[in-house]
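Colleague: turn this into a structure:
(one chain, ligands or ions: 2)
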Amino acid sequence: MINEDVATLTSGIRTLAEEVGYKYAAIERTHRFRFLFDPMRLLTQNAQLLAYLDGKNAFPTSVELDPSNVCNHDCSFCIYHSMHSAERGERLETTVLFRVIEELAELGCQSILFVGGGEPMTHPATVDAIERAAGHGMSVGLVTNGSRVFPEHAARLKQAATYVRFSLDAADPRLHARLHRNDDHHRIVANLRALAEADGPCTVGTGFFINEVNVGDTVACGRLVKDCGVDYIQYKSYSGIAIDRELHERMLRELAEAIELDDETFDVHIVDRIFDNAVHQVRGYSRCHWQAFKPVIGADGSVYLCAQKRTSTDGVIGNVNTTSLSEIWHGEQRRQVLAELDLKRCPFCVHDRQNKLIEFLGSFAAPHRAFF
Ligand SMILES: C[S@@+](CC[C@H](N)C(=O)[O-])C[C@H]1O[C@@H](n2cnc3c(N)ncnc32)[C@H](O)[C@@H]1O
Ligand code: SF4
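Modeller: Numbers count the residues shown, from 1 in each chain. Ligands and ions are numbered 1, 2, ... in the order given. This next block holds a predicted model:
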């Protein structure tokens, strides 16, 4: 029954998610890299936001770039599994890769994330491309399974990249082999140590995708990577797929313990969606705004509206093998794809919050705007 005790009933720590959430919030306030994975970071991109809201169609200042759709691992949970088949196996031609970097620099792009698709380090020119992008003053991220970030790359990456993040997912080599279906855990850990030890300003992080197989390794992996000397661990899990109650509670209990590893040399980050375990989205916005902020250049040359459109053809706005990025951006194909885009058919969108925020900024029109 709801009565005057509603404040008592609804405040404080009622669930395990809230308990762990409060514990996390307390340590997050002391992080060296605060809000690293927070969607609200978009609000710091004031110039881009204002230009977009003003109707400008400028090329984005940030892109994702897949050098390769080939992967030497075969993760059981991989969202891009369908892109790794032997029939596909695309890699950007090195000349195209380098030309794209030049074009991005000319277009005023400020940051490039090298990711996949597949494993970016299966392309022989990825480290060269990262150095070229950095040479143009762009910030560069690399998300990798770590198996091919060999010690001989460590010094170069530490100097050129802004961040490198290993998707390690297990402390136990057998568990890692079960998840990534490759028996190379020892080499990855040696690569990680070498990278953390090398000289340079780049941050070195690790990602841990918690699921039913590795949940018991959550704390152990945090310990392992902290011992390797990395800057942080990021814990994340499925998005848009309901995690069953028992597993979710187990995750939260493990995370409550993993948080204890956080100190002045090591940050523990938890991606927000783990706390709410939400699976539904109602996209009330008039159109997708995010597509104007971070497109993806795929390994087959396709340019996609966003990361989540990588596996479908209805988000392809052009191809860098035949067309310049500037032409693609202002071209007919992009115009048509956007005109036909049906948000109800989009996969669970990890940029839903940004879309809501931009829609609000662009169309707030309440008659009583002086009240808040
Ligand atoms: C697809 S991988 C590509 C780059 C590289 N091969 C790697 O593993 O880091 C990029 C990131 O996506 C994450 N990922 C893969 N499948 C996912 C899923 N189903 N949900 C959320 N993240 C996923 C991986 O854990 C990894 O950190
Ligand atoms: S290493 Fe990365 S791209 Fe390869 S299967 Fe695993 S998550 Fe997917």
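Colleague: list the buried residues of stretch 137-150.
Modeller: 138, 140-149 (16 or more other C-beta atoms under 10 Å). Every C-beta, even on glycine, is put in place using the N, C-alpha and C of the backbone.
Colleague: which ones, among the residues you listed, also lie beside ligand 1?
Modeller: Here is what survives when those are matched to ligand 1 using C-beta under 6 Å from any ligand atom: 143-145.
Colleague: which outside residues touch the strand or helix carrying Glu18?
Modeller: Per DSSP states H and E: Glu18 is located in helix 16-28. Here helix 16-28 makes contact (C-beta atoms under 8 Å, 6 or more residues apart in numbering) with 13, 34-35, 248-249, 252-253, 255-256, 259, 262, 268-270, 275-277.
Colleague: hmm, back to that, need the buried residues of stretch 137-150 in JSON lines (columns: distance to Asn72, secondary structure and pLDDT).
Modeller: Below are these laid out as JSON lines (distance: C-beta to C-beta, whole Å; DSSP: H, G, I helix; E, B strand; the rest coil; pLDDT from 0 to 100):
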{"residue": "Met138", "distance to Asn72": "27", "secondary structure": "coil", "pLDDT": "98"}
{"residue": "Val140", "distance to Asn72": "22", "secondary structure": "strand", "pLDDT": "98"}
{"residue": "Gly141", "distance to Asn72": "20", "secondary structure": "strand", "pLDDT": "98"}
{"residue": "Leu142", "distance to Asn72": "16", "secondary structure": "strand", "pLDDT": "98"}
{"residue": "Val143", "distance to Asn72": "15", "secondary structure": "strand", "pLDDT": "98"}
{"residue": "Thr144", "distance to Asn72": "11", "secondary structure": "strand", "pLDDT": "98"}
{"residue": "Asn145", "distance to Asn72": "8", "secondary structure": "coil", "pLDDT": "98"}
{"residue": "Gly146", "distance to Asn72": "11", "secondary structure": "coil", "pLDDT": "98"}
{"residue": "Ser147", "distance to Asn72": "6", "secondary structure": "coil", "pLDDT": "98"}
{"residue": "Arg148", "distance to Asn72": "7", "secondary structure": "coil", "pLDDT": "98"}
{"residue": "Val149", "distance to Asn72": "12", "secondary structure": "coil", "pLDDT": "98"}
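Colleague: for the residues you listed, which one is nearest Phe360?
Modeller: Gly141 (28.0 Å; C-beta to C-beta).
Colleague: and the closest residue to ligand 2 within the stretch 101-250 of the chain, backbone torsions?
Modeller: In the stretch 101-250 of the chain, the residue that lies nearest ligand 2 is Asn145 (3.6 Å; C-beta to the nearest ligand atom). Dihedral pair for Asn145: phi -80, psi -10, per degrees, to the nearest 10.
Colleague: again, but for Tyr232
Modeller: Torsion angles, degrees, to the nearest 10, at Tyr232: phi -160, psi 160.
Colleague: so what sits opposite it in the bridge?
Modeller: Beta bridges link Tyr232 to Gly205, Asp267 when assigned by DSSP bridges.
Colleague: the residue of the stretch 101-250 of the chain closest to ligand 2 against Arg181, yeah?
Modeller: No: counting by C-beta atoms under 8 Å, Asn145 stays clear of Arg181, with 11.1 Å between them.
Colleague: any idea how far the closest residue to Val189 other than its chain neighbours is from Ala190?
Modeller: Of all residues not flanking Val189 in the chain, Cys228 sits nearest, at 6.6 Å (C-beta to C-beta, 6 or more residues apart in numbering). For Cys228, the distance to Ala190 equals 9 Å [C-beta to C-beta, to the nearest Å].
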